[in-house]
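J.: Here's my sequence, what's the structure:
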Amino acid sequence: MNILNPLPGNALRAMTVAAALTLTACDSANEAVDDIRDIGNDAEVFYYVSVGTSLSVGVQPNGSGVVLPTDDGYPNVLYSSIKPAFEAVGNRELRLIKLGCPGETLDSFANGGSCLYVEGSQLAAAADFVSDNLGNVTLVTIDMGANDFRNADCIDTAVDSDCVDAVGLQIATDLAAALTVLRNAAGPDTPIVGMNYYNPYLSSWLEDAAGQELAVDAAQAVATLNGVLRDTYETAGMPMADVALAFDSDNFTDMVTSSLPPPNDMLPANVNNICLLTYMCDAPPRGPDIHANDNGYIEIANAFLAVAP
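T.: Numbers count the residues shown, from 1 in each chain. The predicted model follows:
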């Protein structure tokens with residue numbers, strides 16, 4: 001069982017979905033880059049730049065189970081939240097630039113390979129844009145590391161703690177290098193805000209006693225990942241949106257009434273939130289899917305709002 005890969009028994013479907021998603025995301029990324037070139041550097045136009053993984057482009061499964069980028073992701077929610085107040089001061093316009101790429105790892109983020117960018121990689125595209133528009137970028141948000149963790153397969157029917165520690169060290173190294181590139185491009189005054197992650201493995205609680213044991217062990221593993229992210233952003237001098245806290249990811253203590261039938265009509269708060277805020281507890285073909293639903297993306301945006309300058 002691999003909770004972060006909801007289609008372990010259907011490799012062909014997984015490959016087809018991944019290919020379609022990547023092609024769509026590449027189109028979106030290139031459109032964003034084209035928009036950047038069309039915009040130019042207008043002193044009255046300011047930008048919020050979003051970089052990252054599938055969460056940064058609002059990926060969600062449709063009714064057929066095909067995962068596609070949407071305009072309902074946390075960058076769109078965050079942008080809609082900050083735009084009115086920003087534009088109420090002076091003659092200013094705020095524009096959203098989404099450069100994210102589904103499936104992006106820290107390696108492909110820096111070196112390219114997942115989505116197509118004229119500059120060669122998402123990191124290069126972001127660095128070029130913020131440096132070209134220095135003083136006019138009001139915010140950069142980044143979510144990276146989840147796909148590195150997932151691809152390492154540290155969690156299957158049990159948690160491989162040595163794997164978790166090893167991938168955590170690699171994420172710390174690669175993320176620190178990427179943040180240095182962004183900071184050098186953006187200068188000292190441009191706010192750059194990262195995030196940690198909610199825990200989709202919690203849905204294994206719904207299966208049986210072994211699944212509940214896995215959910216508890218996986219919570220410790222994801223907490224390790226989130227600790228790595230916290231320390232790396234802190235060392236870089238960047239705030240971090242605490243998405244894990246917004247999802248109450250560690251709260252096995254409080255039992256709440258769920259919308260699921262017995263024996264899952266009472267669930268730990270963190271498990272219930274994964275069901276309410278993602279597609280992990282949805283029936284096929286829409287679920288199980290790791291991505292946030294509309295309410296989940298709102299929670300992520302609110303976590304950014306809580307720490308963004």
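
J.: where does Asn62 land on pLDDT?
T.: On pLDDT, Asn62 comes in at 97.

J.: how about the nearest residue to it, chain neighbours excluded?
T.: Leu68 (6.2 Å; CB to CB, 6 or more residues apart in numbering). Every C-beta, even on glycine, is put in place using the N, C-alpha and C of the backbone.

J.: how far away is that neighbour from Ser54?
T.: Distance from Leu68 to Ser54, counting by CB to CB, to the nearest Å: 10 Å.

J.: Let me see the ranges of the helices in the protein.
T.: For the chain, the helices defined by DSSP state H occupy 11-39, 74-87, 106-111, 122-132, 146-151, 161-186, 209-235, 243-246, 269-277, 294-307.

J.: re the thing from before, do I have it right that the residue nearest to Asn62 meets Val59?
T.: Yes: if you go by CB atoms under 8 Å, Leu68 and Val59 touch, sitting 6.7 Å apart.

J.: so what's Ser108 up against?
T.: Residues near Ser108 by CB atoms under 8 Å, 6 or more residues apart in numbering: 101, 114, 121-122.

J.: Leu175 reaches Ala146, doesn't it?
T.: No: look at Leu175 against Ala146 with CB under 8 Å: they stay out of range, at 11.4 Å.

J.: any common contacting residues for these two?
T.: Joint contacts of Leu175 and Ala146 (CB under 8 Å, 6+ apart) do not exist.

J.: if we can go back for a sec, of the helices of the chain, which is nearest Ile97?
T.: Taking CB to CB, helix 11-39 is the member of the helices of the chain nearest to Ile97, at 5.8 Å.

J.: rewinding a little: is it possible to export the helices of the chain to TSV including distance to Met195 and mean pLDDT?
T.: Compiled in TSV, these are given as follows (distance: least, CB to CB, whole Å; pLDDT from 0 to 100):
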stretch	distance to Met195	mean pLDDT
helix 11-39	19	46
helix 74-87	8	97
helix 106-111	14	98
helix 122-132	16	98
helix 146-151	10	98
helix 161-186	12	98
helix 209-235	8	98
helix 243-246	5	98
helix 269-277	14	98
helix 294-307	7	98
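
J.: Distance to Val193 for the ones you listed - can I get that in JSON lines?
T.: Formatted as JSON lines, those follow (distance: least, CB to CB, whole Å):
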{"stretch": "helix 11-39", "distance to Val193": "19"}
{"stretch": "helix 74-87", "distance to Val193": "10"}
{"stretch": "helix 106-111", "distance to Val193": "16"}
{"stretch": "helix 122-132", "distance to Val193": "13"}
{"stretch": "helix 146-151", "distance to Val193": "16"}
{"stretch": "helix 161-186", "distance to Val193": "11"}
{"stretch": "helix 209-235", "distance to Val193": "8"}
{"stretch": "helix 243-246", "distance to Val193": "12"}
{"stretch": "helix 269-277", "distance to Val193": "20"}
{"stretch": "helix 294-307", "distance to Val193": "6"}
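
J.: nearest to Ser50, of the ones you listed?
T.: Evaluated over these, closeness to Ser50 peaks at helix 74-87, with 3.8 Å, by CB to CB.

J.: by contact count, what packs against that closest one?
T.: Packing partners of helix 74-87 (3 or more CB pairs under 8 Å, 6 or more residues apart in numbering; DSSP states H and E): strand 45-52, strand 93-98, strand 137-143, helix 294-307.

J.: go again using 6 Å as the cut-off
T.: strand 93-98, helix 294-307 (3 or more CB pairs under 6 Å, 6 or more residues apart in numbering; DSSP states H and E).

J.: and Leu225, which of those is closest to it?
T.: Closest to Leu225 of those is helix 294-307 (CB to CB; 16.1 Å).

J.: which parts of the closest one are buried?
T.: Neighbour-count burial for helix 294-307, with 16 or more other CB atoms under 10 Å as criterion, is recorded at 296-304.
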